[in-house]
Structures are given as C-alpha cells and as structure tokens.
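>>> sequence plus the predicted model coming up.
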Amino acid sequence: MFFADAPLPPPNDAARSAVVCIKAEGRRPLQFSGKLEGKRPQPGAFDLPLRPGVEQCNNLLRSKVATWTLTVNTPGFTPCRLPAPEFGQRVVYSAKASARGLSCAPIHKSPIGAWKK
C-alpha cells in the first residue's frame, strides 16, 4: 500500500502580506522604519522605536506598483538595510548597536496563513 505525500503549502505568489519583526539588543535607541518605494508617493510608511529584548512586528501588505524598503537605524551609525519581505512569511531579525557598528541578522523565519503548522 502506498501513501501519498503530505500536501505542499500553497505558493507565496498569492500571499498578500508579510510580517517582519525586529528584536533589539543593547542600550542604544534603535528605530525600525519602512516605506513603499514607487513612482509616486505611497501610503504605509512607518517609523517605530525599538525597545531592548522586545520584538517589534509590523504587517506589510503587498503592492503591485511599489516595493518595500526596510531599515534599522540609530544616530551616528550606518543604517542596516533589510531584504525585501517574502510575502506569506514571518521573519524575525536581531538588531544591535555596538562599538563595531550597527548589525542586523535574521533569527527565525516561518510561514503565515491558514496552512501554518
């Protein structure tokens, strides 16, 4: 007797949103900002303060005419540019300002939606 493989999750092409979270470390004040870059000004820009040890999440909606630009910054440092969000995914990044500069790195990635395990 043969068993069928488990059904695959639907492709991300149909996903309408992504969740991007930042977990700040250290004592310096950090800001998480994002905006839609397109030919014309787009709604949805944000600039959120980050608190150490707390995940700050933002739900980003897909746009057909613009792309998301995401950054983490603090005064006196070169901002970290985060990659464009993968729609249908929840991604968590760490952000830390130290004597070596501002660093951002992915921590965790998981699917979102009705097919979440």
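Received it, and whenever you're ready, just let me know what you need. Note that this is a predicted model, so its numbers are computed, not measured.
>>> ok, residue 56 - how many residues close by?
Neighbouring residues of residue 56 were enumerated by other CB atoms under 10 Å; the total is 18. C-beta here means a position set from N, CA and C on the backbone, and glycine is covered the same way.
>>> check which element follows the host helix or strand of it along the chain.
Here residue 56, judged by DSSP states H and E, is contained in strand 55-61. As assigned by DSSP H and E, the chain's next helix or strand after strand 55-61 is strand 66-73.
>>> quick one: mean pLDDT for that following strand?
The average pLDDT within strand 66-73 is 93.
>>> buried residues, it. List them.
With burial defined by 16 or more other CB atoms under 10 Å, the residues of strand 66-73 counted as buried are 66, 68, 70, 71, 72, 73.
>>> show me which of the residues you listed is closest to residue 37.
For the buried residues of strand 66-73, the closest approach to residue 37 (CB to CB) belongs to residue 66, at 5.8 Å.
>>> so the closest one makes contact with residue 36?
Yes: counting by CB atoms under 8 Å, residue 36 is a contact partner of residue 66 at 4.0 Å.
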